[in-house]
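prediction below, plus the sequence it came from.
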Amino acid sequence: MDHNPDRLCVWPGYFDARTSRRSGRRVPKDSSVLKPDLEGLFLAARKLGLKKIKREERVSHPSRPHQGEGRMWVSRAGSKQSVGANSKEELLQLIGAQWRQMQREQKEANAERVAKGPQTGDRRARSQRKGRAGAAPQRTNQKKRSGFKKKR
């Protein structure tokens with residue numbers, strides 16, 4: 001692609017909580033996420049209020065050529081106008097904070113759904129759950145199960 005000073009390139013690897021700053025993370029730990037992907041990055045940027053966004057799938061970062069994580073182009077003028085970010089670092093921190101909040105809400109919703117249990121009439125979910133719920137399966141008497149007696 002041609003160089004355009006109005007565009008900012010944002011890679012999902014900038015937000016990976018498992019990597020160090022030296023390895024390529026560009027945001028603080030409180031703005032980083034687990035298992036970053038291009039779709040999550042795009043959703044976080046949209047929810048933040050960015051409008052001029054372009055995604056490129058299956059593109060590799062030069063220092064991570066084996067991952068093929070993809071990248072996102074953001075308009076510098078659009079980010080300053082809609083979000084108020086004056087620099088790329090500020091924009092990355094805002095996106096990271098939004099993304100982390102989205103992951104936290106999703107995790108809480110999943111935990112709430114699991115704690116609530118299956119819905120009424122959902123036979124498949126109920127049958128899948130029968131053996132799990134903390135209660136040990138009842139055991140029958142061994143004499144009844146096996147057809148022989150011990151010699152004394």
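Okay, I see it. Fair warning: this is a prediction, and the values are worked out from it, not measured in the lab. Numbers count the residues shown, from 1 in each chain.

can you list the buried residues in stretch 60-72?
Under the neighbour-count criterion of 16 or more other Cβ atoms under 10 Å, stretch 60-72 has 61, 64, 69-72 buried. Every residue, glycine included, has its C-beta placed from N, CA and C.

what's the answer for stretch 29-42, then?
In stretch 29-42, the ones that count as buried by 16+ other Cβ under 10 Å are 31-33, 36, 38, 40-42.

rewinding a little: closest to residue 55 out of the buried residues of stretch 60-72?
residue 72 (5.4 Å; Cβ to Cβ).

can you map out the helices along this protein?
38-48, 76-82, 88-116, 123-129, 142-145 (DSSP state H).

could you list every residue that touches the closest residue to residue 46 other than its chain neighbours?
Nearest non-adjacent residue to residue 46, counting by Cβ to Cβ, 6 or more residues apart in numbering: residue 53, 7.1 Å away. Applying Cβ atoms under 8 Å, 6 or more residues apart in numbering, we find residue 53 in contact with 42, 45-46, 72-75.

picking up where we left off before, dump the buried residues of stretch 60-72 to a markdown table, plus distance to residue 93.
A markdown table is the format used below for the buried residues of stretch 60-72 (distance: Cβ to Cβ, whole Å):
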| residue | distance to residue 93 |
| --- | --- |
| 61 | 19 |
| 64 | 21 |
| 69 | 19 |
| 70 | 21 |
| 71 | 18 |
| 72 | 16 |
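
tell me which of the residues you listed is nearest to residue 8?
residue 72 (8.9 Å).

shaky segments in this structure?
1, 126-152 (pLDDT under 70).

so which bits of stretch 72-86 are buried?
Buried, per 16+ other Cβ under 10 Å, within stretch 72-86: 72-76, 78-79, 83, 85.

ok, and what's touching that stretch?
Against stretch 72-86 from outside (Cβ under 8 Å, 6+ apart): 5-11, 38, 41-42, 45, 48-56, 91, 94.

what's the end-to-end length of that stretch?
From its first residue to its last, stretch 72-86 covers 18 Å (Cα to Cα, to the nearest Å).
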